[in-house]
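Q: show me the folded form of this:
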Amino acid sequence: MSETPLLHAANVSVRLPAGADREFAIRDLSLRIQSNQIVCVVGESGSGKSMLANAIARLLPPTVTMSGSIEFGGRDLARLPETEMRAIRGAEIGMIFQEPMAALNPIQTVGRQIGEVFRLHTDLSARERRDAVLSALTQVRVRDPLRAIRAYPHQLSGGERQRAMIGMAIALKPRLLIADEPTTALDVTTQAQILKLIRELQAYNQMGVLFITHDFGVVAEIADRVAVMQSGHVVEEGPVAHVINAPTHPYTQSLIAAVPKLRPVPPEPSQSSGDIILRVEHLKKSYRSGAGLVMRSRPTIALDDVSISLMKGASLGIVGESGSGKSTLARCIVRLMQPDEGSMRLHDLEYANLDERAMRRQIQRIQMVFQDTSGSLNPRKKVGDLVGQGLVVRGTPRREAWRRAEELLAMVRLDPRGANRFPHEFSGGQRQRIALARALAVEPEILVADEPVSALDVSVQAQVLALLADLRAKLGLSLIFITHDLRVAANVCELVAVMKNGEVVEAGETAHVFAKPSHPYTQALLDSIPGRDWAAATH
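A: The predicted model follows:
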């Protein structure tokens, strides 16, 4: 390893504009990255991780001010003119963003967007640029590069979009690669593939990599060194084995303690021999894509003869990759979607084919918590109205519904005075608590939670999961928990059903399925958990 670092950030501070909730996003931060080394920066949302990445790439908003120095290749990036910085971005510093759908232009093909890198930084002809784009997509193992260069971002899967963005970032073999939460929204097998790909590309191209994450499992899987950030400061830094196995700072210790353990909770005797509250049998659902008269002749099968059952007071996890049918199953169960065939029975009520009016009288018995709280909570309504809305619809006077909303906010450990605020005034974890309160307002028997913690930091995730367990115990709720994170499923669910391509390929007690999986797909999911060996050894 070279003594001279590839990048040396010294005493970097980023001051926020007047009126922000704090003065600095980053304060007196120093960090070194060597060539051929992966440095993971880990911490909760708001710790300054992404602000650090944007400071290095000089992508900070104009309302903030930066001080300190960022030495890269003998130049101080903090003081370079913008024209020189543009020449460095893409050519010498590549960047992978967290959400490809937001970072990629939706009205340009993937090939055109990757080709832009070569057009701006090289003298290649149009034909040579096309060949270079195909080479970049081949290097990141996109399955059909010729199809991908003609496709628009929405026509690729999440994993393919992320690979295309990685291809764009490494197209000119940069010396430094910045990866900002590149695997957060991916299912476990795709995440494992992307992590392996980044590690292989880093080694092949001898790059330095700044990898930003909030997942210590990912840190254990990929890092050479780790820097832990809290409130804009690096509170602990060192070789990965030292930091994750013998952390010295209380904040690092708390983050590691919050990592979900792959140690399934055994079912209570009453949950394995109790009454079946929900029975789903032979459910089928398919889609035809297209619009107007242009429809695909072959439908996409989302659910193919799915059968599950849920006992009173039990928690059933539905796990699998993106596209396996998990969310479609959840939406059919709460009748946000009409199944094509099959039976759904709540106690003695067959409700798969109830008309809309009859279904509205029953739906309070099954409520749903959605993954995306920004999309499921009306931004124009106050939280008190959102939480009490179900009660008002069922005839409760607004004043009484508001009072009940305040009680429910207290139940989910939020300040009842928050009823007068709007959803955007709360953090992601707080919004998820609001969504829980809204679902509980009508006193359901079954709660269906669709990826409710996938976008949350590990510590906030732990708080929400603990709250959910507490509410289940107090209210006697039965739970269907949709997730692609098997560690979360192990902590929440006594029972599990594994879905692949619209089918349930394995089901049973979580402890048994995870300890002795009988289906190769289940084994593949378990083997793909990032940092599994480290977590097993330390937990």
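Q: from what I can see Ile318 touches Lys326, true?
A: Yes: using Cβ atoms under 8 Å, Ile318 makes contact with Lys326 at a distance of 4.9 Å. Using the backbone N, CA and C atoms, a C-beta is placed for each residue, glycine as well.
Q: list residues touching both of these two?
A: By the contact definition Cβ atoms under 8 Å, 6 or more residues apart in numbering, Ile318 and Lys326 are jointly contacted by Ile482, Met499.
Q: who has more neighbours, those two?
A: Taking other Cβ atoms under 10 Å, Ile318 and Lys326 do not tie; Ile318 has more neighbours (29 against 26).
Q: okay, and the more buried one sits in which element?
A: Using DSSP states H and E, Ile318 falls within strand 315-319.
Q: same deal with Arg263?
A: Assigned by DSSP H and E, Arg263 falls outside every helix and strand.
Q: and whatever helix or strand comes next after the strand holding Ile318, what other elements does it pack with?
A: Using DSSP H and E, the helix or strand that follows strand 315-319 towards the C-terminus is helix 326-333. Contacts defined by 3 or more Cβ pairs under 8 Å, 6 or more residues apart in numbering; DSSP states H and E place helix 326-333 against strand 276-287, strand 300-311, strand 315-319, strand 446-450, strand 478-483.
Q: what lines up beside the third one in the sheet?
A: It stands for strand 315-319. Its sheet considered, strand 315-319 pairs with strand 478-483 (parallel), strand 495-500 (parallel) by DSSP bridges.
Q: cool, and the first one?
A: Applying DSSP bridges, strand 276-287 is found paired with strand 300-311 (antiparallel), strand 341-346 (antiparallel).
Q: return the set of buried residues in the longest one.
A: The neighbour-count check on strand 300-311 (16 or more other Cβ atoms under 10 Å) flags Ile301, Ala302, Leu303, Asp304, Val306, Ile308, Ser309, Leu310, Met311 as buried.
Q: kindly report the same for stretch 156-175.
A: 156, 158-175.
Q: same thing with stretch 446-458?
A: Buried, per 16+ other Cβ under 10 Å, within stretch 446-458: 446-458.
Q: what is the nearest of those residues to Cys40?
A: Val458 (13.6 Å; Cβ to Cβ).
Q: hmm, Thr213 and the closest one touching each other?
A: No: the pair Val458 and Thr213 does not pass the contact test of Cβ under 8 Å, sitting 9.9 Å apart.
Q: helix or strand: which one has Glu400?
A: Counting by DSSP H and E, Glu400 is part of helix 398-411.
Q: show me what secondary structure element comes after that helix.
A: As assigned by DSSP H and E, the chain's next helix or strand after helix 398-411 is helix 428-440.
Q: run through who's touching stretch 357-374.
A: For stretch 357-374, using Cβ under 8 Å, 6+ apart, the contacting residues are 278, 330, 333-336, 346, 349, 351, 354, 376, 390, 394, 423, 428, 431-432, 434-436, 439-440, 442-452, 454-455.
Q: again, only this time at 7 Å
A: 330, 333-335, 346, 349, 351, 354, 376, 390, 428, 431-432, 435-436, 439, 442, 444-452, 454 (Cβ atoms under 7 Å, 6 or more residues apart in numbering).
Q: will you turn the strands paired with strand 276-287 into TSV that also has distance to Pro145 and mean pLDDT?
A: Formatted as TSV, the strands paired with strand 276-287 follow (distance: least, Cβ to Cβ, whole Å; pLDDT from 0 to 100):
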stretch	distance to Pro145	mean pLDDT
strand 300-311	24	91
strand 341-346	39	94
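Q: neighbours of Gly68, how many?
A: 18.
Q: what does the helix or strand where Arg112 lies rub up against?
A: Element membership of Arg112, judged by DSSP H and E, is helix 110-121. Under the criterion Cβ under 7 Å, 6+ apart, residues 90-91, 104-105, 124, 129-130, 132-133, 136, 148-151, 153, 156, 164, 167-168, 171-172 lie in contact with helix 110-121.
Q: can you tell me which of those are buried?
A: Buried among the contacts of helix 110-121 by 16+ other Cβ under 10 Å: 90-91, 104, 129-130, 132-133, 136, 148-149, 151, 153, 156, 164, 167-168, 171-172.
Q: the residues you listed in helices, which ones?
A: Arg129, Arg130, Ala132, Val133, Ala136, Ala148, Ile149, Ala164, Gly167, Met168 (DSSP state H).
Q: re earlier: who wins for proximity to Glu506 among the strands paired with strand 276-287?
A: strand 300-311 (11.9 Å).
Q: what's the lowest-pLDDT member of the buried residues of stretch 446-458?
A: Least confident of those in the model: Ala455, at 69.
Q: still on that earlier bit, starting at the chain centroid, how far to the helix holding Arg112?
A: What separates the centre of helix 110-121 from the centre of its chain is 28 Å, taken as Cα atoms, centre = their mean, to the nearest Å.
Q: now that helix: average pLDDT?
A: On average, helix 110-121 scores 91.
Q: how about the CA coordinates for that helix, as CSV?
A: Presented in CSV, the C-alpha positions along helix 110-121 are these (Å, rounded to 0.1, in the frame of the first residue of the first chain):
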residue,chain,number,x,y,z
VAL,A,110,-29.2,3.7,-21.0
GLY,A,111,-26.8,3.4,-23.9
ARG,A,112,-27.0,7.1,-24.6
GLN,A,113,-26.4,8.0,-21.0
ILE,A,114,-23.4,5.9,-20.6
GLY,A,115,-22.1,7.1,-24.0
GLU,A,116,-22.3,10.6,-22.7
VAL,A,117,-19.3,9.8,-20.4
PHE,A,118,-17.2,8.9,-23.5
ARG,A,119,-18.4,11.8,-25.5
LEU,A,120,-17.4,14.4,-22.8
HIS,A,121,-14.1,12.9,-21.8
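Q: show me how the record splits the protein into domains.
A: Per automatic domain parsing, the structural domains of the chain span 105-165, 269-376+446-538.
Q: okay if I get the ones you listed as a markdown table plus distance to Asp180?
A: Shown next, in a markdown table, are the domains of the chain (distance: least, Cβ to Cβ, whole Å):
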| stretch | distance to Asp180 |
| --- | --- |
| domain 105-165 | 11 |
| domain 269-376+446-538 | 14 |
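Q: among those, which comes closest to Gln206?
A: domain 105-165 (14.8 Å).
Q: off-centre distance for that closest one?
A: Using Cα atoms, centre = their mean, the offset of domain 105-165 from its chain centre is 24 Å.
Q: which regions of the stretch 51-200 of the chain lie under the pLDDT threshold?
A: 185 (pLDDT under 70).
Q: centre of the chain to the helix holding Glu400, how far?
A: That offset, for helix 398-411, works out to 31 Å (Cα atoms, centre = their mean).
Q: and for stretch 486-497?
A: 17 Å.
Q: quick revisit: tell me the mean pLDDT over the strand holding Ile318?
A: Computed over strand 315-319, the average pLDDT equals 94.
Q: what do you get for stretch 403-412?
A: 91.
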